[in-house]
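dropping a prediction and its sequence here:
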Amino acid sequence: MPRKCDTQKSLRVMQIISILDDGKPRKTSELASRFAVSSRSIQRDFASIELIGYSLVFPRKGYVQFAEGVSLKKRPITAKQQQGLNLFKAFSKNLPPDIAEACFSLVRSFEESRRGAGIIPVMPKVNFKKGSDYIDEISEAVDLGHAVKISYLYSDGKEKEQEIRPLALLYSEGFVYVFSSLWENPSQKRTYRLDRIRKIEHLYEKTFSPPQNIDSMIKAHNIWGVSGGGRIEIKLEIRDWAKDYFKNFILFRKQQVKERDDGVLELKAEISKFEEVLPQILRWIPCVKVISPQSLIQETRKIVEEYLKKSH
């Protein structure tokens, strides 16, 4: 479920701790570039890292490293730092269950005298692009409640300007998005990928109050479901090596999974638009079959046929 960038900050803090564990000095500006945030944000991350039990030193200007004797296996905790851990645990309860458990696991590792084998995430390295440095500027507009004008690069290669009301920053599938409504038509909700924003201008004179139900508005299982829309009932059949994935992840609203006597899974759920489910169908072909609606069957067939034509 996409969440506000508190989730992103928690993940970033954990990754910085892992990076510093080799004991080598790291350049603050390189960390900021790696995570596509400002140096000021990285400095705030350093404060969070020290609060939860890792002492940092700054051997020379612009560089940071763990203090001598500090590592993932050696982390002396003071009473004040334990209080910080308790606050971190309290904050983590408001995160999605999988992220919350990752935070709790990190806290437990601080509190244990010996560290056992951990789970190592395997994921692609993020290739940060221009536009991701606008996190702080969007955050300011969200906090102060004023509009911004963005120049946005669409998937067709065209760049267009748009005045929007930024409502929240969301993190999903490795990308940061701006969840917003159009300035001229607040009922129209849009998401903009941050790395596709080419320019931003603050419109301080155009102010707005955020919707009271913002949390319920962003309640979705992937970014395609955030903007809302209609309710489309889908039914899939899942076989073979895709079964474990669909059993263990809640991917859609009102998802129900039932295993038949022949071992095939029947999945029923609701979506707002086909983009919510098409990536999963295409990812698991030929183990996934669309049963309904007919329009989704036709759209899937169209994509596959176009691919086969291009591959000849």
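Happy to help now that I have it. Residues are numbered from 1 along each chain as shown.

from here on, just use CA atoms for contacts and neighbour counts.
OK.

now stretch 43-63: buried residues?
Residues of stretch 43-63 classed as buried by neighbour count (16 or more other CA atoms under 10 Å): 45-46, 48-49, 51-56, 63.

which one of these sits closest to residue 203?
Closest to residue 203 out of the buried residues of stretch 43-63 is residue 45 (28.8 Å), distances taken as CA to CA.

element containing the nearest residue to that closest one once chain neighbours are set aside, please.
Distances taken as CA to CA, 6 or more residues apart in numbering place residue 13 nearest to residue 45, at 6.0 Å, with adjacent residues excluded. In the assignment (DSSP states H and E), residue 13 maps to helix 6-20.

so for the longest helix along the chain, mean pLDDT?
Longest among the helix segments of the chain by residue count, using DSSP state H, is helix 294-311. Helix 294-311 carries an average pLDDT of 92.

before we move on, what about stretch 270-287?
On average, stretch 270-287 scores 90.

pull out the buried residues from that stretch.
270-274, 276-277, 281, 284, 287.

okay, how far is it across it, tip to tip?
Terminal residues of stretch 270-287 are spaced 20 Å apart (CA to CA, to the nearest Å).

hey, which helix or strand in this structure has the poorest pLDDT?
helix 79-92 (a mean of 64; mean pLDDT, DSSP states H and E).

any regions of the stretch 101-250 of the chain where pLDDT drops low?
108-133, 173-174, 215-230 (pLDDT under 70).

from the buried residues of stretch 43-63, which land in helices?
Using DSSP H, the buried residues of stretch 43-63 in helices are 45-46, 48-49, 51.

and those residues as CSV, adding pLDDT?
Output for those, formatted as CSV (pLDDT from 0 to 100):
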residue, pLDDT
45, 88
46, 89
48, 83
49, 84
51, 76
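
out of those, who's nearest residue 149?
Out of these, the member with the shortest distance to residue 149 (by CA to CA) is residue 45, at 28.8 Å.

which phi and psi does residue 68 have?
Per-residue torsions, residue 68: phi -60, psi 130 (degrees, to the nearest 10).

which pLDDT value does the model give it?
For residue 68, the predicted pLDDT is 78.

same deal with the one 5 residues further on?
What the model reports as pLDDT for residue 73 is 61.

need the next SSE after the helix or strand where residue 162 lies, C-terminal direction.
Using DSSP H and E, residue 162 sits in strand 159-172. Per DSSP H and E, the first helix or strand lying C-terminal to strand 159-172 is strand 175-182.

buried sites along that next one?
176-182.

for the next helix or strand after that strand, name the packing helices and strands.
For strand 175-182, the following helix or strand on the C-terminal side (DSSP H and E) is strand 189-193. Strand 189-193 sits against strand 175-182, with contacts defined as 3 or more CA pairs under 8 Å, 6 or more residues apart in numbering; DSSP states H and E.

domain-wise, how is this structure divided?
6-111, 132-207, 232-311 (automatic domain parsing).

of the ones you listed, which is nearest residue 213?
Taking CA to CA, domain 132-207 is the member of the domains of the chain nearest to residue 213, at 11.0 Å.
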